[in-house]
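In: model this:
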Amino acid sequence: NETTPWLKHTKWPVRFRDRPLDILTTSTLQPALCDDDYYLDHWSGTSFTSPAANEAKLRVLMSAVDQMFVRAEQTLANTHYRLR
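Out: Predicted coordinates for the structure are as follows:
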């Protein structure tokens, strides 16, 4: 629904009108596990890909973020509730 207050405030329906939403959606998926460029989709006569080097960087970043959350959870589990 394009009439919600949030959508009216952000103007996303206007910003994304006539844009390749399928490419935006595909780009939100986890990085490809292969060593090839990641094909996102084709739009307006152009193929869009995420280079393999960028996918590798994203995998490293996601691994680091996963480790950060695991460590945060472990810290919380071992920290008395009064100190939180």
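
In: now Thr49: which helix or strand?
Out: strand 46-50 (DSSP states H and E).

In: and that strand, what's its mean pLDDT?
Out: If you average the pLDDT over strand 46-50, you get 93.

In: buried set for that strand?
Out: Residues of strand 46-50 classed as buried: Ser50 (neighbour count, 16 or more other CB atoms under 10 Å). Glycine gets a C-beta too; all of them are placed from N, C-alpha and C.

In: what residues does that strand touch?
Out: Contacts with strand 46-50, where a contact means CB atoms under 8 Å, 6 or more residues apart in numbering, come from 20, 23, 27, 31-32, 37-42.

In: go again with 6 Å.
Out: 23, 37-41 (CB atoms under 6 Å, 6 or more residues apart in numbering).

In: would you list every one of the strands in this structure?
Out: Ranges of strands within the chain are 38-43, 46-50, based on DSSP state E.

In: in its sheet, what does the last one sit against?
Out: To tie it back to what came earlier, the one meant is strand 46-50. Taking DSSP bridges as the criterion, strand 46-50 forms sheet pairs with strand 38-43 (antiparallel).

In: which ones are touching the residue nearest the centre of the chain?
Out: The centre of the chain sits closest to Thr28, judged by CA atoms, centre = their mean, with a distance of 3.8 Å. By CB under 6 Å, 6+ apart, Thr28 lies in contact with nothing.

In: helices of this structure, residue ranges please.
Out: Applying DSSP state H to the chain gives helices spanning 5-10, 12-15, 21-26, 52-77.

In: and the ones you listed: which comes nearest Arg84?
Out: helix 52-77 (6.9 Å; CB to CB).
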